[in-house]
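*Asks:* with the sequence up front, the predicted model follows.
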Amino acid sequence: MALPFFFLSLFLLKPTAAQTCSTSCPAGGPEVKFPFGLNPDGNPNGPCSYPGFGLSCSNQTQELVLNLPQSGQFLVRYIDYDNQRIWINDPDLCLPRRFLDSFNISGTPFDFEFLYTFTFFNCSATAIEAAEGGLRPIPCLSNRNYSVVAFPTASAVESTNVRQFGCRPITTFTVPFVWYGWWDGVRLEWNNPDCRSCSQRGGDCRFKNRTGLEIECFNLPSEGGLPRSAKYGIAIGIGIPGLLSLIGLVLFIGGRKRADRRRGNLPSVEFSASISPSPEIVITGLDGQTIESYPKTKLGESGRLPKPNDNICPICLSEYQPKETLRSIPDCNHYFHANCIDEWLTMNASCPLCRNSPGGSAQVTPSISSSSSSSALLSP
């Protein structure tokens, strides 16, 4: 658990009107907003941030990094200001090694909601082959002679299965929320300063004055006005249908004028035709064999993915539960409940989020069938 800050933080300088603080690194990444700030040399208590929330840009990659005093630098993957959460990862993409060395957030403003205990196992190449894909080695800790795997310590069944292949336990450690199986992020949280309400209402936090740590909310939408998201929605909802209506009216008028000109140039004719029914549009999706070839993932005990909003299926809008089976779509790597995406893909050949066709294949073209017939009789 995080320790309280020392009282010297009360006397730290705040940004002045003449001082400019950057909001991003040259390599891009998450937007830096209060309470975070880009301080010189990554000082956690510098003038551009709330005490303990200083960030910096990596000298090597120019990416956004957070320095934990007891554990070193970590790459910042995402910051959720509405819920006050931050996802960090090892810059060398070997998070398990950082856990083995040490992972300590003492002396920082950060905390964590959940704790997970893992056990590392050392498995020989023979054991990995005997498991027939049941053991997933951690690449950055493994080599040709042996492999390192990890399982939640509370999972007695999995641990027993690992031991039966002759794998030897190395160590056990406890860490905050991680995406088990991928090891690509740790989620930390903070409670002070509390800007959640301000952020969720569309405003921004800042220091109230230069002498203390009291904060205030500003840039809120005007009273009686609509939130920014609602305004965007109304603009899109009204603008697009209106534009389509205008285009349709122009095309209709143009068609009528062309038809009038043709009638004026043709001799008098008698025309008889049967009215064709509306064409039937048949949209086909993917076949069952193709859908089943897309990878499945079984969630761990947490039932969550580390990316924000990824713990909710975009199709049925329900949260993922422990041990549920998800399916991902190749190339775009979006995850859904297996049953939800299977039903979707039978009718649609593209991802419901990004609309990319799996495997780079062309999108299915609707086929149009019509049983109508027409005849015409011309008389001089």
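*Replies:* The structure has been received and is ready for your questions.

*Asks:* any idea how many residues pack against residue 169?
*Replies:* 14 (other Cβ atoms under 10 Å). In short, each C-beta sits where N, CA and C put it, glycine included.

*Asks:* in the host helix or strand of it, what's buried?
*Replies:* Under the criterion of DSSP states H and E, residue 169 resides in strand 168-175. Neighbour-count burial for strand 168-175, counted by 16 or more other Cβ atoms under 10 Å, picks out 173, 175.

*Asks:* repeat that for stretch 121-129.
*Replies:* For stretch 121-129, by 16+ other Cβ under 10 Å, it's 121, 122, 123, 127, 128.

*Asks:* and the helices in the stretch 201-350 of the chain, which stretches?
*Replies:* 228-265, 288-292, 338-347 (DSSP state H, counting those that start in this stretch).

*Asks:* ok so, going back, now the buried residues of stretch 121-129 in a markdown table, with pLDDT, secondary structure and distance to residue 297?
*Replies:* A markdown table is the format used below for the buried residues of stretch 121-129 (pLDDT from 0 to 100; DSSP: H, G, I helix; E, B strand; the rest coil; distance: Cβ to Cβ, whole Å):
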| residue | pLDDT | secondary structure | distance to residue 297 |
| --- | --- | --- | --- |
| 121 | 89 | strand | 21 |
| 122 | 89 | strand | 25 |
| 123 | 88 | strand | 22 |
| 127 | 81 | helix | 23 |
| 128 | 78 | helix | 20 |
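
*Asks:* for these, which one is nearest residue 300?
*Replies:* residue 121 (16.4 Å; Cβ to Cβ).

*Asks:* help me confirm that that closest one comes into contact with residue 168.
*Replies:* Yes. The pair residue 121 and residue 168 qualifies as a contact (Cβ atoms under 8 Å) at a distance of 6.5 Å.

*Asks:* between the two, what contacts are shared?
*Replies:* Residues touching both residue 121 and residue 168 (Cβ atoms under 8 Å, 6 or more residues apart in numbering): none.

*Asks:* so residue 166 versus residue 96, what's the distance?
*Replies:* 21 Å (Cβ to Cβ, to the nearest Å).

*Asks:* likewise residue 204?
*Replies:* Look at residue 204 and residue 96: by Cβ to Cβ, they are 37 Å apart.

*Asks:* please identify which of these two sits among more neighbours.
*Replies:* For residue 204 versus residue 96, the count of surrounding residues by other Cβ under 10 Å is larger for residue 96: 20 against 15.

*Asks:* for the more buried one, helix, strand, or coil?
*Replies:* Here residue 96 is helix, with the state taken from DSSP: H, G, I helix; E, B strand; the rest coil.

*Asks:* pLDDT at it, what is it?
*Replies:* Per-residue pLDDT puts residue 96 at 88.

*Asks:* how deep is residue 73 tucked in, by neighbour count?
*Replies:* Counted by other Cβ under 10 Å, the residues lying close to residue 73 total 15.
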